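J.: Turn this into a model:
(one chain, ligands or ions: 2)
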Amino acid sequence: MNIPFVNEPFTAFAVQENREAFEDALRKVQSELGREYPIIIGGQKITGSQTLHSVNPAAKDQVIGTVHQADRELAEKAIQTAAETFHTWKHTDPNERARYLYKAAAMMRRRKHEFSAWMVYEAGKTWPEADADTAEAIDFMEFYAREMQRLSEPQPLVRIAGEDNELTYIPLGVGIVIPPWNFPLAIMAGMTSAALVSGNTVVLKPASTTPVIAAKFMELLAEAGLPDGVVNFLPGPGSDVGDYLVDHALTRFVSFTGSRDVGLRINERAAKTAPGQKWIKRVIAEMGGKDSIVVDNDSDLELAAESITASAFGFSGQKCSACSRAIIHKDVYDEVLQKVLERTQKLTLGSPLEMQSYMGPVIDDKAYAKITEYIEIGKREGRLVHGGGTGDPQGYFVEPTIIADVDPQARIAQEEIFGPVLAFIKANSFQEALEIANNTDYGLTGAVISRNRAHLEQARREYFAGNLYFNRKCTGALVGTHPFGGFNMSGTDSKAGGRDYLLLFTQAKLVSEKY
Ligand SMILES: NC(=O)c1ccc[n+]([C@@H]2O[C@H](COP(=O)([O-])OP(=O)(O)OC[C@H]3O[C@@H](n4cnc5c(N)ncnc54)[C@H](O)[C@@H]3O)[C@@H](O)[C@H]2O)c1
Ligand SMILES: N[C@@H](CCC=O)C(=O)O
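T.: Ligands and ions are numbered 1, 2, ... in the order given. Below is the predicted model of the structure:
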């Protein structure tokens, strides 16, 4: 019997011993930069005809690792291997499957700072952001292992005389796992763990900007003793290899987290039945957001400013949950704007290797170009009150940027920017603030800062977001505590880290025996 699930604590970097341990991990990882990482199919390490250099977004010239790239031929081999392995893995006792995750979680916990250090280098995460990412990865493994054990227990059914009835959750088959780069360990490990512990086999196609962290996770699974072929590691171009995997007749489900455009493309392609395909493919898609914090006229304005600043600029705004719209009641608009401005002016932008950097770079040249273009659009659509510029040209640094007096229908108020750009929008009433908060195609996270109970209850009913928070920031969901996932164009309404998540990776079988 396992101890009940508890969230992995975050590291207190105020403690010197912890700081030194993290610095040691950074040095260790630095000494390992530049290595090569193979494709792994059925436990076999394979070199591709092409390689990709994964680089440090804070120091573009620094190669984190060279990763072999799969083509369609290897994608075929990976799917066939996963399909073959499924015949045995699906019959493996769910408790045994869970034990691989418990072991991997324990090993990751022991090497926690090392995993975080890889994210500092490869994803440009600051120390606390990387630490939270690793903690969440551990949480996902611990949580889904317990969840599978719970689901494998006898399920409650109505009992009738003369019959034995049993309902079990059985796996689906071969799953394609396609994670994003922004939680390169937590989300990638969470999606993979959920799929495998449910008894499925996996082809894992990592994000192209953070494949080394995924390769480190593969090493961990191998060290934990996971049988070969259960997870097959297939780095490669999303557009080519990704389409091939999604379209394949042996693909039973696709678990995707990423942008709306790619999510919709996958959903559309997966809906088309391939020759020889025997099932309707299941698509679990967790997509983008355009998230807001609403500030009421009766509210703690310091709390409002703190929540907005942290949600907008943590990890340079590169979270699907990030606050990109501050919707403020007109009575307190100027004051909240001033308080957010003062806090933002104190944020430090710099190398994530330095503990004091609050914000590091954005992920790559494409993100840099997209965000700086949106800043130019924002300057036309509103009033630039802070930032707008870039940082050290050695990396992809973008200043935290605030644009005030933005129209609710403006492009920067509607489109996901995925960078440190915050739009301030004035509302004439709380009712209007809620209407503005609901006026995008998305419905991922949101927050309301208010002391007014009636308004909070109104928001509870009317604010259409998968993760709605009151009097706190809108980022930082905890596994098991805040099951995470959004509505509308934010995805297929799944809840990562929730008690119904594994149902998406299983199907229920009822066996009834008449005596
Ligand atoms: N809802 C959530 O839980 C959640 C969490 C994190 C990130 N996100 C969203 O993810 C996005 C940022 O991540 P990103 O830039 O990695 O997204 P992305 O859509 O560009 O890429 C996601 C993954 O899809 C792959 N891919 C690209 N084209 C593909 C194709 N044709 N077929 C199959 N796979 C393909 C990529 O290689 C990557 O692994 C943002 O929109 C963000 O809001 C959502
Ligand atoms: N689960 C994370 C966001 C994941 C998407 O980027 C949060 O709650 O901040």
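
J.: in the lengthiest helix in the chain, what's buried?
T.: In the chain, with assignment by DSSP state H, the single longest helix is helix 127-151. Using 16 or more other CB atoms under 10 Å as the test for burial, helix 127-151 gives 127-149, 151. In short, each C-beta sits where N, CA and C put it, glycine included.

J.: Against which helices or strands is that helix packed?
T.: helix 94-110, helix 112-123, helix 186-197 (3 or more CB pairs under 8 Å, 6 or more residues apart in numbering; DSSP states H and E).

J.: Next, format those as TSV and append mean pLDDT, mean neighbour count and distance to residue 454.
T.: What follows is the helices and strands packed on helix 127-151, written out as TSV (pLDDT from 0 to 100; neighbours: other CB atoms under 10 Å; distance: least, CB to CB, whole Å):
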stretch	mean pLDDT	mean neighbour count	distance to residue 454
helix 94-110	98	18	44
helix 112-123	98	26	42
helix 186-197	98	28	37
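
J.: so which of the ones you listed gets nearest residue 36?
T.: Closest of the helices and strands packed on helix 127-151 to residue 36 is helix 112-123, at 14.8 Å (criterion: CB to CB).

J.: right, is the closest one up against ligand 2?
T.: No: using CB under 6 Å from any ligand atom, helix 112-123 never reaches ligand 2; the gap is at least 11.8 Å.

J.: and residue 13, what is it in contact with?
T.: Each residue near residue 13 by CB atoms under 8 Å, 6 or more residues apart in numbering is listed here: 19, 22, 127, 128, 131, 355.

J.: Following element in sequence after the helix or strand in which residue 221 is found, please.
T.: Per DSSP states H and E, residue 221 falls inside helix 211-223. Downstream of helix 211-223, the next assigned helix or strand under DSSP H and E is strand 231-233.

J.: after that following strand comes which helix or strand?
T.: Where DSSP H and E defines the elements, the next helix or strand beyond strand 231-233 is helix 243-247.

J.: how far out from the middle of the chain is that following helix?
T.: Centroid separation for helix 243-247 versus its chain: 22 Å, with CA atoms, centre = their mean, to the nearest Å.

J.: again with stretch 351-361
T.: Offset of stretch 351-361 from its chain centre (CA atoms, centre = their mean): 21 Å.

J.: for stretch 354-371, same thing?
T.: That offset, for stretch 354-371, works out to 17 Å (CA atoms, centre = their mean).

J.: and if you look at stretch 184-200?
T.: With CA atoms, centre = their mean as the basis, stretch 184-200 stands 12 Å off its chain's centre.

J.: quick thing: my sequence starts at 836, can you match it?
T.: Sure, I'll start numbering at 836, so the last one becomes stretch 1019-1035.

J.: does that stretch come close to ligand 2?
T.: No: using CB under 6 Å from any ligand atom, we find that stretch 1019-1035 stays clear of ligand 2, coming within 6.7 Å at best.

J.: which parts of the protein sit against ligand 1?
T.: Going by CB under 6 Å from any ligand atom, the residues of the chain near ligand 1 are 1013-1018, 1022, 1040, 1042-1043, 1073-1074, 1077-1078, 1081, 1092-1094, 1097, 1100-1101, 1121-1124, 1155, 1251, 1253, 1279, 1319-1321, 1325-1326.

J.: So which of those residues belong to helices?
T.: Per DSSP H, the subset of the residues of the chain next to ligand 1 in helices is 1022, 1078, 1081, 1097, 1100, 1101.

J.: Need the per-residue pLDDT for the fifth one.
T.: Residue 1100 is assigned a predicted lDDT (pLDDT) of 98.

J.: now do residue 1037
T.: According to the prediction, residue 1037 has pLDDT 99.

J.: Excluding chain neighbours, give the residue nearest to the residue in the stretch 1136-1285 of the chain that ligand 1 sits nearest to in space.
T.: As assessed by CB to the nearest ligand atom, ligand 1 sits closest to residue 1155 within the stretch 1136-1285 of the chain, at 3.0 Å. Nearest residue to residue 1155, sequence neighbours excluded (CB to CB, 6 or more residues apart in numbering): residue 1124, at 4.6 Å.

J.: Just confirm the one you found contacts residue 1272, I think it does.
T.: No: applying CB atoms under 8 Å as the test, residue 1124 and residue 1272 come out as separate, 12.0 Å apart.

J.: what sits against residue 967?
T.: Residue 967 sits next to 845, 1311 when contact means CB under 8 Å, 6+ apart.

J.: circling back to that earlier point, got phi/psi on the residue of the stretch 1136-1285 of the chain closest to ligand 1?
T.: Note on residue 1155: its backbone torsions stand at phi -60, psi -20 [degrees, to the nearest 10].

J.: neighbours of it, just the number please.
T.: 28 (other CB atoms under 10 Å).

J.: And residue 1280, by the same measure?
T.: Neighbour count for residue 1280, taken as other CB under 10 Å: 31.

J.: Ok, the one 10 residues further on next?
T.: A total of 22 residues lie near residue 1290 under the criterion other CB under 10 Å.

J.: list the contacts for it?
T.: 1131, 1133, 1265, 1283.

J.: Mind checking which of these are in strands?
T.: residue 1283 (DSSP state E).

J.: Out of the contacts of residue 1290, flag the one nearest to ligand 2.
T.: Checking these against ligand 2 by CB to the nearest ligand atom gives residue 1283 as the nearest, at 16.3 Å.

J.: my read: the closest one touches residue 1294, true?
T.: Yes: assessed by CB under 8 Å, residue 1283 is found in contact with residue 1294 at 4.6 Å.

J.: Compare the two and say which is more crowded by neighbours.
T.: More crowded of residue 1283 and residue 1294, by other CB under 10 Å: residue 1283, with 30 against 23.

J.: quick one: the helices in the stretch 1186-1335 of the chain?
T.: For the stretch 1186-1335 of the chain, applying DSSP state H, counting those that start in this stretch gives helices covering 1200-1216, 1246-1249, 1265-1272, 1288-1297.

J.: May I have the last one exported as CSV, CA atoms only?
T.: Backbone C-alpha positions of helix 1288-1297 (Å, rounded to 0.1, in the frame of the first residue of the first chain) are rendered in CSV as follows:
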residue,chain,number,x,y,z
ARG,A,1288,-18.8,37.5,-2.6
ALA,A,1289,-21.7,38.0,-5.0
HIS,A,1290,-19.3,38.8,-7.8
LEU,A,1291,-17.1,35.8,-7.0
GLU,A,1292,-20.3,33.6,-7.2
GLN,A,1293,-21.3,35.2,-10.4
ALA,A,1294,-17.8,34.5,-11.9
ARG,A,1295,-18.0,30.9,-10.6
ARG,A,1296,-21.2,30.5,-12.7
GLU,A,1297,-20.4,32.6,-15.8
